[in-house]
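Q: Here is a sequence together with a model predicted from it:
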Amino acid sequence: MTVQPRPSILSIEPYVGGESKIPGVNRIIKLSSNEGAFGPPPAAIAAITEAAREAHRYPDGGATALRDALGRRWGLDPARIVCGNGSDELISHLCLAYGGEGTEIIMSAYGFLMYDIAGRYAGSRVIKVPERNMLADIDGMLAAAGPRTRIVFLANPNNPTGALLPTSEVARLRAGLRDDILLVLDSAYAEYVTEPDYDAGAKLVDAAPSTIMLRTFSKIFGLGGMRIGWGYGAPGIIETLNRVRGPFNVAAASQAAATAALSEPGWVEKCVAHNGEWRTRMAAALERAGIKVWPSHTNFLLVDFATPEGAQAADAKLKSRGLIVRAMGGYGLPACLRITIGTAEECQMVLDALLHG
């Protein structure tokens, strides 16, 4: 006999990231991973370059300067912030710390795939609650919660649908869950939301201690390659994560880049304005051509081509122009493509390929 992992591990389908290459095509435009349209802020690039001089030194294990900067930026207590090697690391730690064999984790049917992967890794049973019109069904999630439920994941806005639940609905979910159930609010796309009553999760965390908000530098701050995520939660949850995370889990260059990115003047405002303009333009042009676009509050569009064959044909058209987007079969949406909002030139190239190709 050969050594075998736990049975739940063998049920996991490995996560497959967005494509990045097309054989035989020289100029590739990657719009498959929701990366920031403009790359990293200049201050972050400078910080990475400077950090290279000290690459032989271990990083600050507590990410003190970064947590302080996050606290100042969002008005939060740095002691209640934990940083991770991307928010994916924090998702895995939460599943391992609060889930496990004999427990259940709840997510929406089209929620981020890492919730399912991390939950199975922990040995939990993952329950995917059907959505209503591409929106997480709060009543369905509450009905699915049972005596073995330990964690509920909710991305708001959601990836890959782009959907946004009202803050009141998120609060209703929290109020309907037992106090011993951890609600994980994944707010990776929070900076792109322009609705005035939107709460990324900090207020709910303060009101309901069995809640944690997760955020990332991979999207609007353009630092996906540096792998920096963070969470804000009650002291007990943060203490738990600090017990199980690696002692130097966020690289020094990553900490420096993220800290600098927070101080880049006008960066978020510039990115939000561009994203809003081109998200609206692209959605309107596609809808006029009879192609369904689901409402989005993120830096991507979920475009519905009605059939898997239609999505495959559209994908082929885009690839013929060197444009890589994300096929959604792995999410159970084979008729859809997820298209990141890139630069103005890149967005226009997508429209030209789909509407005139």
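A: In hand now; what should we look at?
Q: going forward, measure contacts and count neighbours with C-alpha atoms only.
A: Will do.
Q: who does the lengthiest helix in the chain touch, helix- and strand-wise?
A: Counting residues, the longest helix found in the chain (DSSP state H) is helix 267-288. Applying 3 or more CA pairs under 8 Å, 6 or more residues apart in numbering; DSSP states H and E, one finds that helix 267-288 makes contact with strand 292-294, strand 300-304, helix 344-356.
Q: On the pLDDT front, check I9 for me.
A: pLDDT recorded at I9 is 83.
Q: distance of it from S263?
A: For I9, the distance to S263 equals 41 Å [CA to CA, to the nearest Å].
Q: Let me know which of the helices and strands packed on helix 267-288 is tucked in deepest.
A: Each of the helices and strands packed on helix 267-288 was scored by mean neighbour count; the highest is strand 300-304, a mean of 24, by mean count of other CA atoms under 10 Å.
Q: could you pull out the strands for the stretch 1-150 of the chain?
A: Taking DSSP state E, counting those that start in this stretch, the strands of the stretch 1-150 of the chain run over residues 29-30, 81-84, 104-108, 125-129, 149-155.
Q: Those strands: which one's closest to L301?
A: Judged by CA to CA, the one of those that comes nearest to L301 is strand 29-30, at 14.3 Å.
Q: Now that closest one: average pLDDT?
A: So the average pLDDT for strand 29-30 ends up being 96.
Q: do the same with stretch 287-303
A: 98.
Q: and what of stretch 62-73?
A: 98.
Q: re earlier: and the longest helix of the chain, which residues are buried?
A: Residues of helix 267-288 classed as buried by neighbour count (16 or more other CA atoms under 10 Å): W267, V268, C271, V272, H274, N275, G276, W278, R279, M282, A283, L286.
Q: So what are the structural domains in the protein, by residue number?
A: Domain assignment for the chain by the TED database gives 18-39+266-355, 42-262.
Q: what's the span of the last one from first residue to last?
A: So the one you mean is domain 42-262. 11 Å.
Q: the helices in this structure, which residues?
A: 7-10, 42-51, 64-74, 86-98, 113-122, 138-144, 167-176, 202-207, 235-244, 252-262, 267-288, 308-320, 344-356.
Q: tilt between the fourth one and strand 149-155?
A: Translated: helix 86-98. 170 degrees (axes from the mean of the first three to the mean of the last three CA atoms, to 10 degrees).
Q: What is helix 86-98 packed up against?
A: Using 3+ CA pairs under 8 Å, 6+ apart: helix 86-98 touches helix 113-122, strand 149-155, strand 211-216, strand 229-233, helix 235-244.
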